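[1] The following comprises the amino acid sequence and a computationally predicted model.
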Amino acid sequence: MHMNRRQLMLGTVGAALGGAAPLLRAAAYPERPITFICPWPAGGTGDMTMRALCVAASSALGQPVVVENRAGASGMLGLKALAMARPDGYTVGQIPISVTRFSQLGSVQLDPMKDLTYLARTSGQTFGIAVRADSPHKTLKDFVAAAMAAPGKLTYGSAGVGGATHVGMEEFAMAAGIELNHVPYKGGAPALQDLLGGQIDALADSSSWAPHVKSGKLRLLATWGEQRTREFADVPTLKDSGYDVVVDAPNGVGAPKGLDPAIEKRLREAFKTAAASPEFAAACGKIDAPLMYLDGPDYASYVATTYRKETQLIERLKLRELMSKS
């Protein structure tokens, strides 16, 4: 059966319109609110900064960017949900850089180089070692000397095995030639409470300790960034103290793999604007978090480099064995 001329023309027009439909949808994007998956509990430092970022992104996109907290598994629960979402531009979220470690350790079934679209790196974290104000360890030098005198006796709390604070503290211990007793918690908050209560000797965490250092309840021995922080400029970094260890764990924003290129471009532009906004700068300033913006492709390259470094770190610190014992 042969098509007549009218049928052929209608079929050709229909095919053309069908092919144009995705382009029209991309041009109209976004047409409704966007969900932003935050992989941390509501009220924490990560949640606070991401909410400020989303307020600024909402203005840039002309649609609300609504935060949905999916906390658990050191940020990997929310990240897994992000990777499994439809790649239509209506689900985005924070990507913890620790995915480069946890994916290799098997804590999350996800390939960070194949299952995600990187939109922007936004900011880092300020990590540090804190002790109680009445601790005999007045300086990091005192802490190291005490650990050398009694290997394995000094305890420190972290947010869990394999996380940035645990790995960073073990890197420091290796560089200092000391052995510490790690006490893992299900988050930084309970570890902080036990330090305040005297159950552990030290805390390795992001800036949860900051208000307690300012109030005089805790003493900050060292921060872990490349440079000293603005809020605690009198506190040395680990590098200042002679240990070649830097941990800033920058986070960023991403989406599932398979985004329409036009939608990806729109989101990259919006989060570039948001990362440079006064709202985001103010939120980061409250927790002394450094701004560390990178555009999506550069962020993807950074993640790939970090992945390779984590491979070496996992072997050097025997993290697989530590994870199996926890």
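    Right, received. Where do you want to start? Remember, it's a predicted structure, so these values are computed and weren't measured experimentally.
[2] residue ranges of the strands in the stretch 201-326 of the chain, please?
    Along the stretch 201-326 of the chain, the stretches classed as strands by DSSP state E, counting those that start in this stretch are 202-206, 218-223, 251-256, 291-295.
[3] ok, residues contacting stretch 160-169?
    Stretch 160-169 is contacted by residues 74, 97-98, 101-102, 105, 107, 125, 127, 129, 156, 158-159, 180, 182, 184-188, 204-206, 224, 245, 247, 249, 313, 317, 319, 322-323, 326 when judged by CB atoms under 8 Å, 6 or more residues apart in numbering. Glycine gets a C-beta too; all of them are placed from N, C-alpha and C.
[4] if we go to 7 Å?
    With CB atoms under 7 Å, 6 or more residues apart in numbering as the test, stretch 160-169 has contacts from 74, 98, 101-102, 105, 107, 127, 156, 158-159, 180, 182, 184-186, 204-205, 224, 245, 247, 249, 313, 317, 319, 322-323, 326.
[5] hmm, which of these are the buried ones?
    Buried positions within the contacts of stretch 160-169, assessed by neighbour count (16 or more other CB atoms under 10 Å), are 74, 98, 101-102, 105, 107, 127, 156, 158-159, 180, 182, 184-185, 204-205, 224, 245, 247, 249, 313, 317, 319, 322.
[6] pretty sure residue 185 is touching residue 159, no?
    Yes: taking CB atoms under 7 Å as the definition, residue 185 is a contact partner of residue 159 at 6.2 Å.
[7] Please enumerate the shared neighbours of those two.
    Residues touching both residue 185 and residue 159 comprise residue 191, with contact defined as CB under 7 Å, 6+ apart.
[8] Just give the nearest non-adjacent residue to the residue positioned nearest the centre of the chain, would you?
    The structure's the chain has its C-alpha centroid closest to residue 96; by CA atoms, centre = their mean the separation is 3.0 Å. Taking CB to CB, 6 or more residues apart in numbering as the measure, residue 96 lies nearest to residue 75, with 3.9 Å between them; neighbours along the chain are not counted.
[9] what about that neighbour, how many neighbours?
    26 (other CB atoms under 10 Å).
[10] who's in contact with it?
    The neighbourhood of residue 75, defined by CB under 7 Å, 6+ apart, consists of 39, 40, 96, 98.
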